[in-house]
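Novice: Mind folding the following:
(one chain, ligands or ions: 1)
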Amino acid sequence: MSISVKNLSKHYGQQKAVNQISFDAKPGRILGFLGPNGAGKSTTMKMLTGYLQPTSGNAEIAGKDIEVEPLEVKKQIGYLPENTPLYIDMYVREFLSFVAQTYGLSDIAKRVEEVIQQVGLTQEQHKKIGMLSKGYKQRVGLAQAIIHQPQVLILDEPTSGLDPNQLSDIRALIKNLGKDRTVIISTHIMQEVEAICDDVIIINKGVLVANSSIDELKKAHQNKTLEQIFKQLTL
Ligand SMILES: Nc1ncnc2c1ncn2[C@@H]1O[C@H](COP(=O)(O)OP(=O)(O)OP(=O)(O)O)[C@@H](O)[C@H]1O
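Specialist: Below you'll find the predicted structure:
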């Protein structure tokens, strides 16, 4: 299931937070969404996931327009927001069962068990969410994003604040999930992009300044490092 974005914009008053961006994302490829702070990454992700209405332009997920069929689109998407709103007084299992119910899944206990294993929450599964460390809260966020087995994943800074061990675990998980799904991840970590992404888009002040595979982007910039290219394009 692909994502196709055409001339998507979001204006806040006079500010063009996202300004006519177009790009595609395809199954089996992980797309890194890069840009300096305030560039418009989260705003774009919120529009794709139906949490913000675009000012203009459109986007299709699996051929369905995000504004025309928002509920259908939401079923296909797993979304990890930048600050995952988790119910801190709920237990991990209780919360994931609750999310599974909202998607109308059958055999919820089995699916919760699977997802707990998949994201590496087994050790912490009996705790209240509020008691978990940041990395484990992030895993709960990922678990709720994939519990309904969506074909499209939109992950807003999924590894921010994780320790090196957690980082490599979560990256491996995302890479694995991306084998047969369409995945967009925003990140500020260039090694992460090199490690798990196939394609990259860079946004600066709401405008798209790069959109290609990592290999092509490097070739087009005399094989400079991603960090150098990022700096050059976003100064
Ligand atoms: N609700 C809002 N009202 C007004 N301006 C907003 C609102 N939400 C975001 N903005 C502005 O839109 C711009 C883009 O913000 P956004 O959060 O999309 O950036 P980002 O690329 O995700 O940044 P970061 O890397 O810091 O997370 C910023 O200038 C921000 O201040």
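Novice: in the protein, which residue is closest to the centre?
Specialist: Central residue of the chain (CA atoms, centre = their mean): Leu155, 1.5 Å from the mean position.
Novice: right, and that one touches Ala145 too?
Specialist: Yes - counting by CB atoms under 8 Å, Leu155 does reach Ala145; the two are 7.0 Å apart. Where you see a C-beta, it was placed from the backbone N, CA and C, and this is true even at glycine.
Novice: Give me the common contacts of these two.
Specialist: Residues touching both Leu155 and Ala145 by CB atoms under 8 Å, 6 or more residues apart in numbering: 79-80.
Novice: Paired strands for the host helix or strand of the residue nearest to the centre of the chain, with orientation please.
Specialist: Take DSSP states H and E as the rule and Leu155 turns out to sit in strand 152-156. Next to strand 152-156 in the sheet, as set by DSSP bridges, lie strand 77-80 (parallel), strand 182-186 (parallel).
Novice: Between those, which one is closest to the ligand.
Specialist: Of all those, it is strand 182-186 that lies closest to the ligand, at 6.6 Å by CB to the nearest ligand atom.
Novice: For that closest one, list the C-alpha coordinates in CSV.
Specialist: Listed next in CSV are the C-alpha coordinates belonging to strand 182-186 (Å, rounded to 0.1, in the frame of the first residue of the first chain):
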residue,chain,number,x,y,z
THR,A,182,5.3,1.2,3.8
VAL,A,183,7.1,3.0,6.5
ILE,A,184,7.8,6.7,7.0
ILE,A,185,10.0,7.7,10.0
SER,A,186,11.1,11.2,11.0
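Novice: roughly how far is it from the heart of the chain?
Specialist: Taking CA atoms, centre = their mean, to the nearest Å, one finds the center of strand 182-186 at 5 Å from the center of the full chain.
Novice: Same check on stretch 130-141?
Specialist: Offset of stretch 130-141 from its chain centre (CA atoms, centre = their mean): 17 Å.
Novice: circling back: just checking, what packs against the next helix or strand after the strand holding Leu155?
Specialist: Next helix or strand after strand 152-156 toward the C-terminus (DSSP H and E): helix 164-177. Packing partners of helix 164-177 (3 or more CB pairs under 8 Å, 6 or more residues apart in numbering; DSSP states H and E): helix 134-146, strand 152-156, strand 182-186, helix 190-196.
Novice: At the contact with the ligand, which residues of the protein appear?
Specialist: For the chain, the residues in contact with the ligand (CB under 6 Å from any ligand atom) are 12, 17, 35, 37-43, 82.
Novice: what about Ile116, neighbour count?
Specialist: Using other CB atoms under 10 Å, Ile116 is surrounded by 21 other residues.
Novice: wait, what's in contact with it?
Specialist: 92-93, 96, 122, 125, 143.
Novice: Can I get the buried ones among those as something I can paste into ChimeraX?
Specialist: A single ChimeraX command selects the buried members of those (16 or more other CB atoms under 10 Å):
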select :92,93,96,125,143
